[in-house]
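>>> just coords:
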């Protein structure tokens, strides 16, 4: 056991000591500035090191690849623990010996910030890492985190996180590392076995060789295609949904809906250099990259209307996602930005990256520097990320896609808007909040807030599917309509399970809609509207067309 006060120099020195990388190489690793800023943000005071630690994921990679190398790599790792409290080795020894100590299990748990496994390799040394998330501040949300038990010399600690590890260019590439992080969450949520990076790579290429580079071998890994990612997801018993990510509204609404329901996502991006010193603002493609999406920030106060109907969605307030970028670190911030290039607007993710590395460096100092540069429209080059694909690992019973519910609600909202403008012009337009929810989460929240009033007890006893889509309409931040749809059904069925209105104006709007009928040529939307009419007007059900 080694206990040391935290500093960047100490971290670099110890990483070099417990890996096979030299100190000079460790000091210039792209992840180190991010980890230092992150750990300082969490007020890290102490590092406690377990010199001999057996890590399951590294051990599987070791058995699958490293053990057969001529060079004898060590099979054991080291584990670094981080605490926000200052203490010394003697304090821990006294606690473990049962003697009087300024430390206790409760004090260690309260100050525990997480751990980092250090692999005995020459370059990719950052293994399984679980760190505490940023404070919520009522805008940051990390719905896919889970609690991970940590046994430290017999002391039972825990940390709520999503595991991260650096890309291993031998056993894994960026997509494999992103999938590995996703599987840490889905394994807990959907109860499937969690494969190691080597196992993910083998499953990905089992039936689909790399068509883009047919000469490439499985090991060393050079990356995965979208079909190969889907192959790896299917191998753990889930189903992959691959969606385009070239529209900001789709990206924000889709990722928000699934993340809030506990489903993580992988986002494929294209990295480009953007050189403002060139009169034509030259963009040079660097290549593809993949990150695991673990959270989001509702940092904007402005709802952005979308489409011809000016649909208002809560998810439009997202200003950044928090991603596991294997070339940077866990919970890295990726912000939405727009660049004016040759008279055209180009939507991209965060430009808080250094020109020398194709990774997000969203450090506070650099963020301020980038703001100054943007104001002056500096000639300095930057790197932008253009989202291309979203890959969702879904449980097989989640059959109704988000887009189906989203499009139906858009049509429904348009009908409500026509009624509102005609009869209630002074009432604010509704904003919709659409997301996946489990029956356990729904009933727990209902029991807590009693939002169904006198019907709460009956709804709590009602038999409902495990996965549902929830669509809540709000005006002036107050709920006016709450709809629940079956996410496990088939698209031809009505899907509406429950519905409740709040407020006089919206009750009247519902009654007007019941008299008006579906009023849309969209079959999906019409089915939803008819289900609502049947639900809210049980004694006068209109004939289906």
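Received the coordinates, thanks. Bear in mind that the values here come from a model prediction, so they are computed numbers and not experimental data.

>>> Kindly report the domain assignment for the protein.
Domain assignment for the chain, taken from automatic domain parsing, gives 1-161, 163-213+225-396, 402-536.

>>> Same list, those, but as CSV with mean neighbour count and mean pLDDT please.
Backbone N, C-alpha and C define where each C-beta goes, glycine included. Shown next, in CSV, are the domains of the chain (neighbours: other CB atoms under 10 Å; pLDDT from 0 to 100):
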stretch, mean neighbour count, mean pLDDT
domain 1-161, 17, 93
domain 163-213+225-396, 20, 78
domain 402-536, 17, 87
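
>>> residue ranges of the strands in the stretch 101-250 of the chain, please?
112-118, 126-131, 140-141, 146-152, 155-161, 239-244 (DSSP state E, counting those that start in this stretch).

>>> would a markdown table of those with distance to residue 293 be doable?
Shown next, in a markdown table, are the strands of the stretch 101-250 of the chain (distance: least, CB to CB, whole Å):
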| stretch | distance to residue 293 |
| --- | --- |
| strand 112-118 | 19 |
| strand 126-131 | 17 |
| strand 140-141 | 12 |
| strand 146-152 | 15 |
| strand 155-161 | 15 |
| strand 239-244 | 13 |
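
>>> Relative to residue 428, which of those is closest?
strand 140-141 (24.6 Å; CB to CB).

>>> Can you tell me what sits against that closest one?
Strand 140-141 is contacted by residues 133-134, 259-260, 295-298, 322 when judged by CB atoms under 8 Å, 6 or more residues apart in numbering.

>>> try it again with 6 Å
Residues outside strand 140-141 that contact it (CB atoms under 6 Å, 6 or more residues apart in numbering) are 134, 295-297.

>>> Determine which two of those are furthest apart.
Most distant of those, by CB to CB, are 134 and 296, 11.8 Å apart.

>>> The longest strand along the chain versus strand 155-161: what angle between them?
As assigned by DSSP state E, the longest strand anywhere in the chain is strand 282-297. Strand 282-297 runs at 130 degrees relative to strand 155-161, counting by axes from the mean of the first three to the mean of the last three CA atoms, to 10 degrees.

>>> Give the bridge partners for residue 392, please.
residue 241 (DSSP bridges).

>>> Just want to check the distance between it and residue 19.
34 Å (CB to CB, to the nearest Å).

>>> go on, residue 37?
21 Å.

>>> try residue 237
If you go by CB to CB, the gap between residue 237 and residue 19 works out to 34 Å.

>>> just residue 387 next, same as before
Distance from residue 387 to residue 19, by CB to CB: 33 Å.

>>> What of residue 99?
Residue 99 is 34 Å from residue 19, by CB to CB.

>>> For beta bridges, what are the partners of the closest residue to residue 5 other than its chain neighbours?
Among residues not flanking residue 5 along the chain, residue 46 sits closest, at 6.4 Å (CB to CB, 6 or more residues apart in numbering). Beta-bridge partners for residue 46, by DSSP bridges, are residue 5, residue 83.

>>> Residue 3 versus residue 46, what's the distance?
Taken as CB to CB, the span from residue 46 to residue 3 is 6 Å.

>>> what does residue 296 give?
For residue 296, the distance to residue 3 - CB to CB - is 36 Å.

>>> give me the element residue 253 is part of.
Assigned by DSSP states H and E, residue 253 belongs to helix 248-260.

>>> No more questions from me, cheers.
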